[in-house]
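Novice: Following is a predicted model, sequence given first.
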Amino acid sequence: MACKCGDNGKSKELKEILTKYTNDKSNLIQILNEVQEKYGYIPEFAQKEISEYLNIPMAEIYGVITFYARFTLKPKGKYNVAVCLGTACFVKGSEKILERLKQKLGIDVGETTSDGKFSIEATRCIGACGLAPVFTVNGEVYGKATPELLDKVIDEYMKKED
Amino acid sequence: MKTLEEIRKIREEKRKELDLRVNLKANTREKHILVCHGTGCTSSKSPKIIEKFRKIIEEKNIQNVRVVQTGCFGLCAKGPIVIIRPEDTFYAMVKPEDCEEIINTHILEGKIVERLLCKDIDNSVVQRLDELNFYKKQKRIALKNCGIIDPENIDEYIAFDGYKALEKVLFEMTPDEVINEVTESGLRGRGGAGFPTGKKWYFTKIAEGDQKYVVCNADEGDPGAFMDRSILEGDPHCVIEAMMIAGYSIGANKGYIYVRAEYPIAVHRFQTAINQAKEYGILGKKIFGTDFDFDLEVRLGAGAFVCGEETALLESIEGRSGRPRIKPPFPANVGLWGKPTLINNVETYANITKIILNGAKWYSSIGTEKSKGTKVFALGGNVVNVGLVEVPMGTTLREIVFDIGGGIPDGHEFKAAQTGGPSGGCIPAEHLDTPIDYESLAQIGSMMGSRWINCNG
Ligand SMILES: Cc1cc2nc3c(=O)[nH]c(=O)nc-3n(C[C@H](O)[C@H](O)[C@H](O)COP(=O)(O)O)c2cc1C
Ligand code: FES
Ligand code: FES
């Protein structure tokens, strides 16, 4: 069946993801993980197509998306900055890093700046506790972080865009 | 596809070739430069170090030197770490810019690069890994291969007795004998409340069902913990082999490992390991020419703490929101898609092959009366040697925090150690001499399932 959302390129990418999986319902979370990775969020057209493909009602898919912290309904920024709030990082002051980040970008956790450049995420332990506190920008890890290091890194990304 | 004969041959030949990894007296002109590719060191750019070494070696056309990526060495605080074998030289906090000097001075001139050696907790300069106090009280069973082999190379795993336990089980032991061995070893679950592993296997074996499943819990929900992650990253095949042994014992031919999507390196390594095992015919049908079939799939978690709980994890594997089911019935009777299912933690599985090869008696001689074997901890917070440690059960918190961990930085006083997330507790200084085992931890309000120790000073 052709997709009626009008965006054929995106729809083709989605088809490529779907063809990797059988239509077994248990593949839902695997598929959502790939879609999240690809688009930075779970677009509505994808929800519809997944719903048809796996024969799972939209409401149920919505329920699963909102249950898992990794899935988002809104696009993340071009640069997603994630601050680890796992305990090892927390004791070493990751909250201060997060506060500084919020101030600097003027947005809260889970939000994206209006120009779409940055978004903030608070994560569970990412397993780099030896370097606590840590934050990541699009998966690149910055360890032994301080508010000053954060400033420096974010400033660099701000410049990159221009 | 490889026949059993071919796999045995790989084991024999590769073992000789890799002898210098474990034998410091190896008589060879070869050198292996081991670079930690665990999460900690990777975050501090160890992949660039590997690249750099390889480039220099190629440019200078140096023979007899191999650069190997390995799993976590444990002393993550000193990362990125580079170890050169057979002499076992331990270089800490190495930067890509240091590679040239290591090659020129160490490899070509045969001299130690003094400035990259690390200081031990007593301020002495240490040359070799085995001289470090950090390692002296440790005993590596679950982490045996971690930091020694290249986790993305199945031949290196096979070289160090890999898939030998599977062979032994398939050809020399009945399922009941395997379960007995695991029961007698005294091994208890490392992920939850310490349920005896052999008993769990037995219950799943006798449960009625036409189809059964083996599941590995690698959700590692506790913040600050990265033991399971390190095992998957450093030695993925040992978990695959153990899950196969479990499958043979309980009568299951399908397994799932549930890994957090936030662990991309672990997911990649494990998937690579599965692919290689399939290529060799170790996973698949008629394994080693027997009637045993086994297939294994990775399922990703998506960031929900509660999915570490086993029934929520099953819901999630089935593709739904991970909400815990009501127990009983237990997964051993009604698990994945309603079928009998065995669920164990990564570290629990990581002990199995060693128990099969060395025997229950050997395993149960380690540890305390009711807690056998070793325990892996992630040591974090305000402690000098942040990292990954494996110690015999019964080791005291004082030994872990001070002898291994090097105490609190800047000579501060130890106040308390938190263990675990929501399921853990806080251990004050007065309990420093409590031997760590399931019972004593429970008594002082903590538990083993929460496996990280976070120091406050
Ligand atoms: C809230 C909650 C979180 C849990 N998180 C984990 C976890 O992250 N990893 C794990 O192996 N077990 C976890 N468990 C324990 C599992 O339910 C289960 O007991 C365990 O995987 C069994 O394996 P074992 O017998 O090898 O320990 C958790 C339990 C609860 C109640
Ligand atoms: S707690 Fe932050 S990386 Fe582990
Ligand atoms: S990650 Fe390199 S030593 Fe732990």
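Specialist: Sure thing, it's come through. Numbering: from 1, shown residues only, chains lettered A, B, ... in the order given. Ligands and ions are numbered 1, 2, ... in the order given.
Novice: From now on I want contacts and neighbour counts done on CA atoms only, so please keep to that.
Specialist: Fine.
Novice: element containing the residue lying closest to B:Gly198 once chain neighbours are set aside, please.
Specialist: For B:Gly198, ignoring the flanking residues on the chain, the nearest one in space by Cα to Cα, 6 or more residues apart in numbering or on different chains is B:Thr183 at 4.0 Å. Applying DSSP states H and E as the criterion places B:Thr183 in helix B:175-185.
Novice: pLDDT on that helix, on average?
Specialist: Averaging pLDDT along helix B:175-185 yields 98.
Novice: How is chain A divided into domains?
Specialist: Domain assignment for chain A by automatic domain parsing gives A:10-67, A:79-159.
Novice: How about residues contacting the helix holding B:Thr183?
Specialist: B:169, B:196-199, B:201-202, B:248-250, B:352, B:355-356, B:359-364, B:372 (Cα atoms under 8 Å, 6 or more residues apart in numbering or on different chains).
Novice: can you tell me which of those are in helices?
Specialist: If you go by DSSP state H, the contacts of helix B:175-185 have B:169, B:197-199, B:201-202, B:248-250, B:352, B:355-356, B:360-364 in helices.
Novice: filter these to the buried ones?
Specialist: Buried members of the ones in helices among the contacts of helix B:175-185, scored by 16 or more other Cα atoms under 10 Å in any protein chain shown, are B:169, B:197-199, B:201-202, B:248-250, B:352, B:355-356, B:360, B:363-364.
Novice: Out of these, which comes closest to chain A?
Specialist: The closest of those to chain A turns out to be B:Ile250 (Cα to the nearest Cα; 23.6 Å).
Novice: how about the nearest residue to that closest one, chain neighbours excluded?
Specialist: In space, B:Ile250 is closest to B:Lys205, 4.1 Å off (Cα to Cα, 6+ apart).
Novice: element containing that neighbour, please.
Specialist: Counting by DSSP H and E, B:Lys205 is part of helix B:197-206.
Novice: ok, back up a step: next one: the helix holding B:Thr183 to chain centre, how far?
Specialist: Chain-centre distance of helix B:175-185: 22 Å, with Cα atoms, centre = their mean, to the nearest Å.
Novice: mind showing which ranges of chain A have poor pLDDT?
Specialist: Across chain A, the ranges flagged by pLDDT under 70 are A:1-8, A:161-162.
Novice: Would you confirm that A:Leu150 belongs to a helix?
Specialist: Yes. According to DSSP: H, G, I helix; E, B strand; the rest coil, the state of A:Leu150 is that of a helix.
Novice: I'd say it and A:Glu99 touch.
Specialist: No. Using Cα atoms under 8 Å, A:Leu150 and A:Glu99 do not qualify as a contacting pair, with a distance of 10.9 Å.
Novice: More neighbours: which of these two?
Specialist: A:Leu150 (20 against 13; other Cα atoms under 10 Å in any protein chain shown).
Novice: Contacts only, for that one.
Specialist: A:97, A:101.
Novice: residues near B:Asp120, how many?
Specialist: There are 16 residues near B:Asp120, going by other Cα under 10 Å.
Novice: need the contact list for it.
Specialist: Counted by Cα under 8 Å, 6+ apart, B:Asp120 has contacts B:126, B:132-133.
Novice: Can I get the residues you listed in a markdown table including neighbour count, pLDDT and secondary structure?
Specialist: Shown next, in a markdown table, are the contacts of B:Asp120 (neighbours: other Cα atoms under 10 Å in any protein chain shown; pLDDT from 0 to 100; DSSP: H, G, I helix; E, B strand; the rest coil):
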| residue | neighbour count | pLDDT | secondary structure |
| --- | --- | --- | --- |
| B:Val126 | 18 | 91 | strand |
| B:Leu132 | 19 | 90 | coil |
| B:Asn133 | 18 | 91 | helix |
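Novice: which one of the residues you listed sits closest to ligand 1?
Specialist: B:Asn133 (29.4 Å; Cα to the nearest ligand atom).
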